[in-house]
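S.K.: Need a 3D model of the sequence below.
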Amino acid sequence: MTAALLAAAQDAVDLAAGMLRTRLPGVLTAKGDRDMASEVDYAVERAVRSFLAERTPDVGFLGEEEGSAGATDGLTWVLDPVDGTVNLVHGIPLVAVSLGLVSAGVPVLGVVDTPFLHRRYHAVEGEGAYADGRPIRASGVDRLADAVVAVGDYAVGEGAAAANADRLAVTGRLVPRVQRVRMLGSAAIDLVWVAEGRLDALVMLANKPWDTAAGVVIAREAGALVVDRTGAPHTMASGETIAGAPDLLSELLSLVGVR
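M.R.: Model (predicted):
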């Protein structure tokens, strides 16, 4: 069954990535203060939802733009059709399609495609992580001074001032301790680059299930630790995502702290 579900996920992401490479973003729809979805976000989600409903009718579906379909208390596909919409609209190629399969709140399969970087990542729980079919491993860096650490986007909309005060404080504690801080604008890319060792760690202080469902299992299968702000194992209910090389996590968590 796992092989069939992975094949379905790969085919669904093929469909999505092809759409992103061949369509303009189109009309933008405001979702809130400085938050938006593009026409292609909706088109990709609807196409993938329809494809998976036919291919895997017994699996539920949750998408960023239009919510859930079918039962979501069992196996559930979780899709971010365009992770990095602002990047897409501005012509920045750090954009991903992220499709995870979640069981009991824990991701067990993930496929992430970066259509403008032409690289595909996937993992199945217990079977390792891969980029373009080749095994990948997380960084072995053991000192923050040698670590490149990604941080999640700052907040917009209601409550942004308080949320950003916390995020700015965390960034301020990281800057003098790590080699460099980076903000890429795509949670899925952050996580697969942790999996691949391009990034040594990630600190994301807010997330939704579609941000992390695929990337978390890929990072874990590559040997990274993925936890929430308290250090507990990350699940789809977690409010934060802290990921990285195992020898960095204790010191990193001490800087991030519990709010």
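S.K.: tally of neighbours for L6?
M.R.: 18 (other C-beta atoms under 10 Å). Any C-beta I mention is one placed from the backbone N, CA and C, and that applies to glycine too.
S.K.: Name the residues that touch the helix or strand hosting it?
M.R.: Per DSSP states H and E: L6 is located in helix 2-22. The contact list for helix 2-22 (C-beta atoms under 8 Å, 6 or more residues apart in numbering) reads 40, 43-44, 47-48, 51-52, 55-56, 59, 77, 81-82, 88, 95, 97, 99, 101, 109-113, 115-116, 120, 122, 124, 127.
S.K.: Would you mind listing which of those are buried?
M.R.: 40, 43-44, 47-48, 51-52, 56, 59, 77, 81-82, 88, 95, 97, 99, 101, 109-113, 115-116, 120, 122, 124 (16 or more other C-beta atoms under 10 Å).
S.K.: Give me the subset of the residues you listed that lies in helices.
M.R.: V40, A43, V44, A47, V48, F51, L52, L88 (DSSP state H).
S.K.: what about the helices in the stretch 101-250 of the chain?
M.R.: Ranges of helices in the stretch 101-250 of the chain, per DSSP state H, counting those that start in this stretch, are 160-174, 187-196, 209-221, 249-256.
S.K.: Let me have these in CSV, extended by distance to E64.
M.R.: Written out in CSV, the entries for these read as follows (distance: least, C-beta to C-beta, whole Å):
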stretch, distance to E64
helix 160-174, 19
helix 187-196, 11
helix 209-221, 4
helix 249-256, 25
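S.K.: Serialize those to TSV and add fields for mean neighbour count, distance to A12 and mean pLDDT.
M.R.: What follows is the helices of the stretch 101-250 of the chain, written out as TSV (neighbours: other C-beta atoms under 10 Å; distance: least, C-beta to C-beta, whole Å; pLDDT from 0 to 100):
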stretch	mean neighbour count	distance to A12	mean pLDDT
helix 160-174	14	33	87
helix 187-196	30	15	98
helix 209-221	29	11	96
helix 249-256	17	32	92
